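Asker: From the sequence below, what's the structure:
(2 chains)
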2 protein chains.
Amino acid sequence: MSSAWDARLARRAARIFPSLRFDFDSLPAHPDAISLAGGVPPVECLPIERLAAATRQVWAEAEPATFAYDETQGHRPLRELIASRMRRRGADVDPDTIVVTAGAQQGIDLIARLLLDPGDRVVIEAPGYFGAFQVFDHYEADIVPVPIDEQGLLPAALERALATPPRPKFIYTVATFQNPTGVTGGAARRQEILALAARFDVPIVEDDPYGELWFEADPGPLRALDPHVIYLGTFSKTLAPALRMGWIAAPAALMRLLIDAKEAVDIQGDRLVQRAVVRACADSWFDAHLDAARRVYRARWETLQALLERYMPDGVRWTRPCGGFFAWVTLPAGLDARELLSAAAAAGVIYLPGSVFYPDLRPSASLRIGFSTLPEERLAAAIERLGGVIAAALTTGTRSGP
Amino acid sequence: MSSAWDARLARRAARIFPSLRFDFDSLPAHPDAISLAGGVPPVECLPIERLAAATRQVWAEAEPATFAYDETQGHRPLRELIASRMRRRGADVDPDTIVVTAGAQQGIDLIARLLLDPGDRVVIEAPGYFGAFQVFDHYEADIVPVPIDEQGLLPAALERALATPPRPKFIYTVATFQNPTGVTGGAARRQEILALAARFDVPIVEDDPYGELWFEADPGPLRALDPHVIYLGTFSKTLAPALRMGWIAAPAALMRLLIDAKEAVDIQGDRLVQRAVVRACADSWFDAHLDAARRVYRARWETLQALLERYMPDGVRWTRPCGGFFAWVTLPAGLDARELLSAAAAAGVIYLPGSVFYPDLRPSASLRIGFSTLPEERLAAAIERLGGVIAAALTTGTRSGP
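Answerer: A predicted model of the protein is given here:
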């Protein structure tokens, strides 16, 4: 942009980016392109009929006052539903300490608004969720990427980040079925992370969009282990993204500020949708819906795993998620997943290259595979194509390193 | 709040307030309290059946993809509808330069995000809309209140504010049926304001929630006179607040930043509601609905005006709005509308005291009457009570000045 507006923009405007700083339109077209980039529930897991019926009933029964301004904190029965479900997952949350938000994304923005001054340091997983970088950039924060392994944040690296002054304002983590890697810490790792946060007196902001989508057992949220954790939840992955329905469960000491900040940003969430979610989730329907969705995602992950074993050349590694939507595939040293994407697109398969999951867009040998959206035969075709592209790159010497 | 969180909060947290910095709960209770505080469409003007039918149809017909992530800028047919209606009002707006927002409130936040650094000066009408102060406080702006008269911003005062360095980042104005006064500038005044903004090269942000609710004729938006004006619109007053459906119409040079900022704050608006608004407004229904609503508001204003003439003691003055929801009543010198509110509440009538419409909550002899929500007999009872309270204050010497 170059215009008279340049001189009028706030300093932060230089850090306002799209979440995905990658131009997919520049990739070669393919008549049958298959995307592994998806990070959403597939059409067949969207409970549209149930939500539609709940919506119809809510509109038919709503008091006219429901159509006016009110309930900045969120519809109380929805907060009770959320608290009840979080308590079943081990997190002792009170409806009074929940604020309903427009997806977890708005939760990230509200927390950043309360806590981040320009130049403040904020710890994030590397690789991590780009929508969080996007928000922290608006607050002109110094984003501190901390490496992860197959259990999440590496304690030694986290300790170094926390010990480096100035002390970070908070740690942002997707601790369960992480985006983009799918990894989850075991009990010991989680306690290490919590202990470090406590030792350095740095709050944890846990973003948990995938936590309820486990394959075998619920690892539970970090919030279940420590009531100081600020928890961000959402119905985007369990019901539908379009609902824009999420929440913050925060310490009581933050509630006044959170509610006042929510009022400033959009006055209130959609009161009809809040009621529709409560109605849709009644009568244990939500549990049955989640069970069915989990079976789909688990089957797709197992399919993907078998396909990776079959089609990936030697030297390719990948994570083994126990839930959620993502696996993280790392190519042999010397390959760059972003450079490889043109060849992949030409062969009819698209993915998110690892670099987009780092705030500095650093080169990465890894890529994210979203396995939630593709039925078996499409997933098979995609992975076969991807394997071929990687194999070709390994043999034709496009490797940039040794 | 006093807790370990104090030390962790961002500097702006000291400026996060509720929009209404007044404790109504502290007022005396009354068994038949009538509120003149409302600034919303009354129940009888909410087209719930029409919106419900549109919602049912949209849910029944929606492609499953509609339930996923997409359309950060907003559903194109809704942007086309908005642009078409704005063009009819004289504002040459293209759908490509519209971003759909969660009410106009989110529009204020997004514009502030693009333009305001801490310490930046921003001009606002005094009295003015408290929800705008609320946002500007989050951005740590220096809010510059400029007095208004019965035509809006006073040119001489505006000129002084614009000439004082540092130059304000923008002028925020509700130029039509202003909140809280109901005033609207004539053509000459509007041209003076626009000329001053152009001379000092300061953008205007026009918030226009009431513009379509004229009594006799549409004065048109400022945006119709100057394409550089950033325009904030909403369906909250014309359809229903609960829809959370508004928009920004901005210069093309700002669109990339606005769309990227919208993605960061909540990814996208509610795609089903956007489609329902398009469907509800089809076939000229919206025009007929607005005509009917205008007749209601005009009749209520005429009722209010007659009641004020009948019940207000000598020395009380009020504005004569030509549309919208509000009139501004100014008590004789020496009376403070906030101090008077306890006696009014005890007598069964509540209003918003003028002080809440100033960023510094300065004492004010004025009060806002919202006339949209009350049928004639309730309005009559409220104004009779209010007149009695003012008369009593004038005779019992509670006046604090000469």
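Asker: Spell out whether the lengthiest helix in chain A and chain B are in contact.
Answerer: Using DSSP state H to define each element, chain A has its longest helix at helix A:285-311. No - judged by Cβ under 8 Å from any Cβ of the partner chain, helix A:285-311 makes no contact with chain B; its nearest approach is 13.8 Å. Glycine gets a C-beta too; all of them are placed from N, C-alpha and C.
Asker: Show me where the stretch 1-150 of chain A has its strands.
Answerer: A:34-35, A:98-101, A:121-126, A:142-149 (DSSP state E, counting those that start in this stretch).
Asker: by contact count, what packs against the longest one?
Answerer: For strand A:142-149, the elements it packs on are strand A:121-126, helix A:130-138, helix A:155-163, judged by 3 or more Cβ pairs under 8 Å, 6 or more residues apart in numbering or on different chains; DSSP states H and E.
Asker: If I take the first one and strand A:142-149, what angle do their directions form?
Answerer: Using axes from the mean of the first three to the mean of the last three Cα atoms, to 10 degrees, the inter-axis angle of strand A:121-126 relative to strand A:142-149 is 30 degrees.
Asker: for strand A:121-126, the distance to its chain's centre please.
Answerer: Using Cα atoms, centre = their mean, to the nearest Å, the mean C-alpha position of strand A:121-126 is found 14 Å from that of the whole chain.
Asker: What of stretch A:256-274?
Answerer: That offset, for stretch A:256-274, works out to 22 Å (Cα atoms, centre = their mean).
Asker: again with stretch A:174-190
Answerer: In terms of Cα atoms, centre = their mean, the centre of stretch A:174-190 is found 12 Å from the chain centre.
Asker: what does stretch A:363-371 give?
Answerer: 15 Å.
Asker: what about the strands in the stretch 251-400 of chain A?
Answerer: Chain-ordered strands for the stretch 251-400 of chain A, with DSSP E, counting those that start in this stretch as the definition, fall at A:317-318, A:326-330, A:349-350, A:352-353, A:366-370.
Asker: which residues make contact with the fourth one from outside it?
Answerer: Residues outside strand A:352-353 that contact it (Cβ atoms under 8 Å, 6 or more residues apart in numbering or on different chains): A:20, A:22, A:36-37, A:180, A:336-338, A:340-341, A:364, A:367-368, A:370.
Asker: re the thing from before, same list (the strands of the stretch 251-400 of chain A) but as JSON lines, adding mean neighbour count, mean pLDDT and distance to A:Leu307.
Answerer: Converted to JSON lines, the strands of the stretch 251-400 of chain A look like this (neighbours: other Cβ atoms under 10 Å in any protein chain shown; pLDDT from 0 to 100; distance: least, Cβ to Cβ, whole Å):
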{"stretch": "strand A:317-318", "mean neighbour count": "16", "mean pLDDT": "98", "distance to A:Leu307": "11"}
{"stretch": "strand A:326-330", "mean neighbour count": "23", "mean pLDDT": "98", "distance to A:Leu307": "11"}
{"stretch": "strand A:349-350", "mean neighbour count": "22", "mean pLDDT": "98", "distance to A:Leu307": "12"}
{"stretch": "strand A:352-353", "mean neighbour count": "24", "mean pLDDT": "98", "distance to A:Leu307": "18"}
{"stretch": "strand A:366-370", "mean neighbour count": "26", "mean pLDDT": "98", "distance to A:Leu307": "10"}
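Asker: in chain A, which spans are helices?
Answerer: Going by DSSP H, chain A shows helices at A:48-61, A:76-88, A:103-115, A:130-138, A:155-163, A:187-199, A:255-266, A:271-280, A:285-311, A:337-346, A:376-396.
Asker: which other helices and strands contact the last one?
Answerer: Here helix A:376-396 touches strand A:34-35, helix A:285-311, helix A:337-346, strand A:349-350, going by 3+ Cβ pairs under 8 Å, 6+ apart.
Asker: Put the alpha carbons of it into CSV.
Answerer: In CSV, the C-alpha atoms belonging to helix A:376-396 read as follows (Å, rounded to 0.1, in the frame of the first residue of the first chain):
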residue,chain,number,x,y,z
GLU,A,376,-9.8,-42.6,2.5
GLU,A,377,-9.4,-42.7,-1.2
ARG,A,378,-8.7,-39.0,-1.5
LEU,A,379,-6.2,-39.2,1.4
ALA,A,380,-4.5,-42.2,-0.4
ALA,A,381,-4.2,-40.3,-3.7
ALA,A,382,-2.8,-37.3,-1.9
ILE,A,383,-0.2,-39.2,0.1
GLU,A,384,0.8,-41.3,-2.9
ARG,A,385,1.4,-38.1,-4.9
LEU,A,386,3.2,-36.5,-2.0
GLY,A,387,5.5,-39.5,-1.6
GLY,A,388,6.3,-39.4,-5.3
VAL,A,389,7.2,-35.7,-5.2
ILE,A,390,9.5,-36.2,-2.2
ALA,A,391,11.1,-39.2,-3.8
ALA,A,392,11.7,-37.3,-7.0
ALA,A,393,13.2,-34.4,-5.0
LEU,A,394,15.5,-36.8,-3.2
THR,A,395,16.8,-38.3,-6.4
THR,A,396,16.9,-35.2,-8.7
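Asker: starting at the chain centroid, how far to it?
Answerer: The chain centre lies 26 Å from the centre of helix A:376-396; the measure is Cα atoms, centre = their mean.
Asker: now do the fourth one
Answerer: Counting by Cα atoms, centre = their mean, helix A:130-138 is centred 12 Å from the centre of its parent chain.
Asker: for it, what is the average pLDDT?
Answerer: In this model, helix A:130-138 has a mean pLDDT of 98.
Asker: quick check: domain ranges of chain A?
Answerer: A:19-39+A:287-396, A:48-282 (automatic domain parsing).
Asker: Go through those domains and name the closest to B:Asp32.
Answerer: domain A:48-282 (18.4 Å; Cβ to Cβ).
Asker: From the chain's centroid, how far away is the closest one?
Answerer: Relative to its chain's centre, domain A:48-282 lies at 10 Å (Cα atoms, centre = their mean).
Asker: Excluding chain neighbours, what is closest to A:Val273?
Answerer: A:Leu243 (5.6 Å; Cβ to Cβ, 6 or more residues apart in numbering or on different chains).
Asker: deepest of the helices and strands packed on helix A:376-396, which one?
Answerer: Of all the helices and strands packed on helix A:376-396, strand A:349-350 has the most neighbours on average by mean count of other Cβ atoms under 10 Å in any protein chain shown, namely a mean of 22.
Asker: Please identify the pairing partners of it and their relative orientation?
Answerer: Its sheet considered, strand A:349-350 pairs with strand A:34-35 (parallel) by DSSP bridges.
Asker: Show me which residues of the stretch 151-300 of chain A are close to chain B?
Answerer: A:169-170, A:201, A:203, A:240-244, A:251, A:253-254, A:256-257, A:259-261, A:263-273.
Asker: Now, of those residues, which are buried?
Answerer: A:169-170, A:203, A:240-244, A:251, A:254, A:257, A:259-261, A:263-273 (16 or more other Cβ atoms under 10 Å in any protein chain shown).
Asker: mind checking pLDDT for A:Gln161?
Answerer: Wrong residue type there; residue A:161 is Ala, not Gln. pLDDT, A:Ala161: 98.
Asker: Surely it is in contact with A:Val123?
Answerer: Yes - with contact defined as Cβ atoms under 8 Å, A:Ala161 counts as touching A:Val123 (5.2 Å).
Asker: Grab the nearest non-local neighbour of A:Glu192.
Answerer: Using Cβ to Cβ, 6+ apart and skipping residues adjacent in sequence, the residue nearest A:Glu192 is A:Pro155, 4.5 Å away.
Asker: let me fix that: A:Phe235
Answerer: Using Cβ to Cβ, 6+ apart, the closest residue to A:Phe235 is A:Met245 (4.5 Å).
Asker: For the residue nearest to A:Ala112 when sequence neighbours are not counted, grab the count of nearby residues.
Answerer: Among residues not flanking A:Ala112 along the chain, A:Tyr139 sits closest, at 4.8 Å (Cβ to Cβ, 6+ apart). By other Cβ atoms under 10 Å in any protein chain shown, 23 other residues sit near A:Tyr139.
Asker: wait, A:Tyr139 sits on A:Leu114?
Answerer: No - taking contacts as Cβ under 8 Å, A:Tyr139 lies outside contact range of A:Leu114: 10.2 Å.
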